[in-house]
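>>> 3D, please:
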Amino acid sequence: MASIAESMDKDVARFVHAKLEERKIPGCSIAVVDKTGTVWSQGFGHIDQEKTRAVDPETLFMIGSLSKAYTVTAYFRAIQKGLVSLDDRLVEYYPKFSWKTRFGEEERKKITFRHLLTHWAGFQHNSFLYDKDGRGVSFYDYISGIANTWQKYPVGTRFSYSNVGFDIAAYAIEKITGSKFEDFMREEVYRPLGMNRSTVLGTEALADENTARGYIGDDRTSDDLILIPQRGSGAQFSCVKDMAKFLHMHFNDGVVDGKQFLTKDLLNEMYTIPYQQPHQLMATGMGVGVLKFRYGGTTQLSFFGDGPGYIGLHQFLPEVGVGWLIQVNQVDNVFPFVRELIQKIRDPVLANIWDSISEDLTITKDLSLPARIELDQSILKRLEGRYISRMQDIVVKQESNQLIFSFGGEDVSLTPHSNTLFSSEAFPLVEFCKDSEGRPTIIKLIRPYGEITILDYDSGQADDAGPNKQEWLKYLGLYSFDFHNFRMYSAPTIRNGHLYLISSMNSKEYRLTEWRDDIFFTADGLNVSFSKNGFEMPASTWRRDDISVEKIKKIAGSDSHDIRVNEISLTEFEEILRRTGREDEANTIGNLKMDIYPSVSE
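A predicted model of the protein is given here:
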């Protein structure tokens, strides 16, 4: 059998060389690591489209959410020094912490560092990262601004992925240790591990000649876009040579150069599914994804990180002592390449370790459900509707006395076992929860391999009509939000007496529930706060926009660099017109887009 290095040289290197140009990926860096260290590593392509320098294993990439694993490691180092514990409360070290809340002022006092580092603290996904000119705000202004964000869920009741929580934890490390976060990271994480190229500060990375520049398609991401204040959650830079040393530490029970860098107990915290629910075999844990179903139950840690123009991945099996790292400086249509690359790395690596690979575990063998029953159409009708989350929305509907929905392009038909318990091939366990009046509140979907997805009930045809308040009319109209070089659109509307928000941002639709004057919430906890000239949501401020099809046509004829006639902006405008019933206008914009950007129609 060929060695790992021989397999990588023969198959992986050939594959990457062939795909870089095809996928418009300027550069890529890969490493494979085992208990002895790095067994194979190579850079491919260049740090930028101008090919000013070849990528090598020391080339820095922005690592996005892979930063979280290193922030957790820093926190573990503080625990090991006796400075803090996971179950200490945030306000003990950051007494001025505050947020806006619907759930009571005592909520802020409940947050522990365990909550923060596992996404169970109830924070929104993001807060405001950029100023009105599109430049990243400072770390400390960003932290101060979190006081103006709204709590999403009650503390400790729900997993909700949050960059904000990790950045608050990074700030708290400063309070706990008396050192700046970037200094503590350098002295207590990077330097002891030998990660001498890594940095928390984007300014340092961008000044380095061997730093890859990120791309979104053909567009190079600007420094303003890259220099974000998320030091704990997503703004760190590293290279595969450095990150290989982090994996190597895990493969040697936390020992580095003969010294105990992290205790086994702390490492096990990272390998544990937090707040584990029945049938759950995978989750986002402390800075990494924890998979307990792979290869007969062998623990695998896996996480993607993405930044403006960058994608990174680490996957490793700490019990086995092997893992791999991938970095690329392109985000447009790159995931098919990364998924195929993972397989080409993983299969020969594991074949060198195991004579045969054990099958993945599933929950189906031990799952015991009541017998199938027939449900009255009225019960099924009450469960129909739109269920939403940050990453995925579904519409549950009834066809031929059966509930069905589509999830990620996969059609799902539900078999009833009780009024709220169902099953399907794709999801062996599907559970609806209801409030005291029988209205759905959430749907819980459990995959065969133990992944749990929870979506909040937004609205459905069985809902009562809303109050249809006259004062809501002032909110109607078109609103826009500029994200660097393109514009997105939203339009509130009233249906069945309820206020809805239709948005081209991620193609979302929300029913809004009024909390008090001008402040509304979506079913999944996002605030929508209206003012005279616009509204605010987490990390985005929208302003009223009087744009029209005729204005767009005039702009297109006079200023091709105007943000409103950017290809993506036109797509966003076309979508909002179509989703608000203005089909003829949407078709006009679609035709205009094809005239300006002929490649769109090819």
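
>>> Please make it C-alpha for all contacts and neighbour counts, starting now.
Will do.

>>> residues near Arg191, how many?
As a burial measure, Arg191 scores 14 neighbours (other C-alpha atoms under 10 Å).

>>> cool, Leu414 as well?
Using other C-alpha under 10 Å, Leu414 is surrounded by 21 other residues.

>>> doesn't Ser400 make contact with it?
No - counting by C-alpha atoms under 8 Å, Leu414 stays clear of Ser400, with 11.6 Å between them.

>>> SS state for the closest residue in space to Thr420 that isn't next to it in sequence?
Leaving aside its chain neighbours, Thr420 sits nearest to Phe432 (4.9 Å; criterion: C-alpha to C-alpha, 6 or more residues apart in numbering). At Phe432, secondary structure determined by DSSP: H, G, I helix; E, B strand; the rest coil is strand.

>>> count of residues packed around Pro598?
A count of neighbours around Pro598, defined by other C-alpha under 10 Å, yields 11.

>>> pLDDT score for it?
We have a pLDDT of 88 for Pro598.

>>> Same question for Ala244.
pLDDT at Ala244 comes out at 98.

>>> right, and it touches Gly37 too?
Yes - between Ala244 and Gly37 there is a contact at 7.4 Å, judged by C-alpha under 8 Å.

>>> So the two - more neighbours on which side?
Ala244 (27 against 16).

>>> So that one versus Met505, what's the distance?
Distance, Ala244 to Met505, using C-alpha to C-alpha, to the nearest Å: 37 Å.

>>> Phi and psi next, for Ile494.
Main-chain torsions, Ile494, degrees, to the nearest 10: phi -120, psi 130.

>>> Which strand or helix spans the residue lying closest to it once chain neighbours are set aside?
Nearest non-adjacent residue to Ile494, counting by C-alpha to C-alpha, 6+ apart: Tyr500, 5.9 Å away. Using DSSP states H and E, Tyr500 sits in strand 498-503.

>>> quick one: contacts of that strand?
Strand 498-503 is contacted from outside by 465-468, 472, 488-494, 508-513, 576, 579-580, using C-alpha atoms under 8 Å, 6 or more residues apart in numbering.

>>> Put the alpha carbons of that strand into CSV.
Output of strand 498-503 as CSV, limited to C-alpha atoms (Å, rounded to 0.1, in the frame of the first residue of the first chain):
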residue,chain,number,x,y,z
HIS,A,498,-50.4,40.4,10.3
LEU,A,499,-47.3,42.4,9.4
TYR,A,500,-44.7,40.5,7.4
LEU,A,501,-41.2,41.4,6.2
ILE,A,502,-40.1,40.1,2.8
SER,A,503,-36.4,40.3,2.2
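
>>> How far does it sit from its chain's centre?
Strand 498-503 has its C-alpha centroid displaced from the chain centroid by 24 Å (C-alpha atoms, centre = their mean, to the nearest Å).

>>> What strands flank the next helix or strand after that strand, and is each parallel or antiparallel?
Helices and strands here follow DSSP H and E; after strand 498-503, the next one along the chain is strand 508-516. Each strand pairing with strand 508-516, determined using DSSP bridges, is listed with its direction: strand 498-503 (antiparallel), strand 519-521 (antiparallel).

>>> Reformat these as a markdown table; add mean neighbour count.
What follows is the strands paired with strand 508-516, written out as a markdown table (neighbours: other C-alpha atoms under 10 Å):
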| stretch | mean neighbour count |
| --- | --- |
| strand 498-503 | 20 |
| strand 519-521 | 19 |
